[in-house]
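Novice: okay, sequence plus prediction incoming.
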Amino acid sequence: MSAARADGRLDKIVANVEDAVADVKDGATIMVGGFGDVGVPFALIDALLAQGARDLTIVSNNAGSGDTGVAKLLKRERVRKIICSFPKTAGSTVFEELYRAGRIELELTPQGTLAERMRAAGAGIGAFFTPTGAGTLLAAGKETRMLEGREQVLEYPIHADVALIRADRADRWGNLVYRKTARNFGPVMASAAKTTIVEVREIVALGALDPEAIITPGVFVQRVVETG
């Protein structure tokens, strides 16, 4: 929930990462930003791990690497299902071990389709057709149509209870500026979740962000915490 100062001004800043994720519930669907290790909200993920929520569905580009970020959540068996594009990348062993043991579910989604499914959720689009995956196992059980001479697959939006993302700077209204490619999935995730929680390098005063540089407007953000 957004906070308001005593003078009535909107303020989405929370004191620490523990408070930011305190009310995440068991069974929640959580979007986690990042591409590889770039733009991953590591501090929020660690706080979620300490908070104890489990039986989660994670929506992410990949299943993490090593023993950090999403991989740490998987290793502690807090995740029931993952929706991602690259479950197996260099350095990612945790997912493979869990999957082979039947202890985690996987919904494999091509990267562009993953991004569009999240964007569709934020835009209020009920479904869309894409040629990606047509004629492959990824289309098994899905409706297909011939559109403009190409077989296309019907895909549905992905909505989330919570999005955990990282940005470079924010103001107290929740307007966000990202650092280069660390933007990746942050904007579409922010629009697709009921509650968007953002860790940032720096919180600045209102008016300090160039309006032309703001990528995610504060209307899509509920909580901001400065982690450096």
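Specialist: Nice, thanks for sending it over.

Novice: find the residue closest to R76 in space, skipping its chain neighbours.
Specialist: Once flanking residues are discounted, R76 sits nearest to L49: 6.2 Å by CB to CB, 6 or more residues apart in numbering. For glycine as for every other residue, the C-beta is placed from the backbone atoms N, C-alpha and C.

Novice: what comes up buried for the helix or strand the one you found falls within?
Specialist: L49 belongs to helix 42-51 when assigned by DSSP states H and E. Neighbour counts over helix 42-51 (16 or more other CB atoms under 10 Å) mark F42, A43, L44, I45, D46, A47, L48, Q51 as buried.

Novice: how about JSON lines for those residues, with pLDDT and distance to F35 added?
Specialist: Formatted as JSON lines, these follow (pLDDT from 0 to 100; distance: CB to CB, whole Å):
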{"residue": "F42", "pLDDT": "97", "distance to F35": "14"}
{"residue": "A43", "pLDDT": "98", "distance to F35": "18"}
{"residue": "L44", "pLDDT": "98", "distance to F35": "16"}
{"residue": "I45", "pLDDT": "98", "distance to F35": "15"}
{"residue": "D46", "pLDDT": "97", "distance to F35": "19"}
{"residue": "A47", "pLDDT": "98", "distance to F35": "21"}
{"residue": "L48", "pLDDT": "98", "distance to F35": "20"}
{"residue": "Q51", "pLDDT": "98", "distance to F35": "25"}
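
Novice: chain neighbours aside, what residue packs nearest to S92?
Specialist: Distances taken as CB to CB, 6+ apart place S65 nearest to S92, at 4.8 Å, with adjacent residues excluded.

Novice: that neighbour: how many residues sit nearby?
Specialist: 19 (other CB atoms under 10 Å).

Novice: least confident secondary structure element in this protein?
Specialist: Least confident helix or strand of the chain, by mean pLDDT, DSSP states H and E, is strand 3-4 with a mean of 52.

Novice: what about I197, distance to A170?
Specialist: Separation of I197 from A170 (CB to CB, to the nearest Å): 11 Å.

Novice: mutual contacts of those two, please.
Specialist: Here I197 and A170 share the contacting residues V224, scored by CB atoms under 8 Å, 6 or more residues apart in numbering.

Novice: coming back round to it: what's the helix holding L49 in contact with?
Specialist: Helix 42-51 has contacts (CB under 8 Å, 6+ apart) with 17-18, 20-22, 24, 30, 32, 68-70, 72-73, 76, 78, 164, 166, 197, 199, 225, 227.

Novice: what do you get if the cut-off is 10 Å, keeping everything else the same?
Specialist: Helix 42-51 has contacts (CB atoms under 10 Å, 6 or more residues apart in numbering) with 16-24, 28, 30, 32-34, 41, 56, 58, 64, 68-73, 75-76, 78, 162-166, 197-199, 223, 225-228.

Novice: dump that helix to CSV, restricted to CA.
Specialist: Below are the C-alpha coordinates for helix 42-51, written out as CSV (Å, rounded to 0.1, in the frame of the first residue of the first chain):
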residue,chain,number,x,y,z
PHE,A,42,19.1,-9.1,-5.2
ALA,A,43,18.3,-7.2,-2.0
LEU,A,44,14.6,-7.8,-2.4
ILE,A,45,15.0,-11.4,-3.2
ASP,A,46,17.2,-11.9,-0.1
ALA,A,47,14.5,-10.2,2.0
LEU,A,48,11.8,-12.4,0.5
LEU,A,49,13.8,-15.4,1.4
ALA,A,50,14.2,-14.3,5.0
GLN,A,51,10.5,-13.4,5.1
